[in-house]
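Engineer: sequence-free structure coming up:
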């Protein structure tokens, strides 16, 4: 199914996934380490936006795209944050505080000298970057959730604290428009007001590799329900992952920034 441009979605109810109660705890990192290259306000405005509509040329790639679903640290920029190619390296993008109407929580995949390597929601898929952590610029939390999607067996599994809390049969992308594989993550929770196929859509950080756009949007892959059982156990979507209603009921409880490992 096609995910429409986020500019068409209602912003109501966007807090559905924001750090579900008991899932995460607040914290900060005061270790500054290697100093970042200074970026003034004029230069910041020229940097590309690290959002689902953007493409970040020259961004490093996820160092372990096949590492599997993993719980761990997630961070949220209180304001626009500069993204660098490496600790102390060149600025390549700016990470907004809001993604598709939801607070931008991103997973941390490694840390070094006061820096965090994060996954980005942009093209190309598996883009990453580094941000300099300070106690003032970011909120930090621990996310215990992770999600596995197995395209071959048409299965989706939610894990909490490393233990399975549910497993469902799903639908995936058709052969000509396959669901992309790799370590994606949930970037937003969108209350659907334009279509009736799913009450809520959960966009992922990955995009279709075969389609530039879904219904006028940027080709963002998402998790959502379908009006009937025609997608269960089949590869017949345009790249999105179609889930049963009871699966979506559980997925909306998962915090933003949760990694979705697609194999």
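Structural biologist: It's in. These numbers were taken from a predicted model, which means no experiment stands behind them. Numbering: from 1, shown residues only.

Engineer: so where's the stretch 1-150 of the chain uncertain?
Structural biologist: Low-confidence segments of the stretch 1-150 of the chain, defined by pLDDT under 70: 1-32.

Engineer: now with 80?
Structural biologist: 1-33, 69, 135 (pLDDT under 80).

Engineer: would you map the helices across it?
Structural biologist: Taking DSSP state H, counting those that start in this stretch to define them, one finds helices in the stretch 1-150 of the chain at 41-46.

Engineer: for the stretch 151-263 of the chain, same thing?
Structural biologist: For the stretch 151-263 of the chain, applying DSSP H, counting those that start in this stretch gives helices covering 245-251.

Engineer: residue boundaries of the strands in it?
Structural biologist: Counting by DSSP state E, counting those that start in this stretch, residue ranges of the strands within the stretch 151-263 of the chain are 155-160, 163-169, 172-173, 182-185, 190-191, 200-207, 220-224, 235-237, 241-242, 259-262.

Engineer: off-centre distance for the last one?
Structural biologist: When you say that, I think you mean strand 259-262. Centroid separation for strand 259-262 versus its chain: 9 Å, with Cα atoms, centre = their mean, to the nearest Å.

Engineer: so what does it touch, helix or strand wise?
Structural biologist: Judged by 3 or more Cβ pairs under 8 Å, 6 or more residues apart in numbering; DSSP states H and E, the packing partners of strand 259-262 are strand 145-150, strand 182-185. Using the backbone N, CA and C atoms, a C-beta is placed for each residue, glycine as well.

Engineer: mind listing what's buried in stretch 208-227?
Structural biologist: Buried residues in stretch 208-227, defined by neighbour count with 16 or more other Cβ atoms under 10 Å: 208-209, 211, 214, 217-226.

Engineer: and if you look at stretch 193-205?
Structural biologist: Under the neighbour-count criterion of 16+ other Cβ under 10 Å, stretch 193-205 has 195, 197-205 buried.

Engineer: out of the residues you listed, the closest to residue 52 would be?
Structural biologist: Using Cβ to Cβ, residue 203 comes nearest to residue 52 of those, at 6.4 Å.
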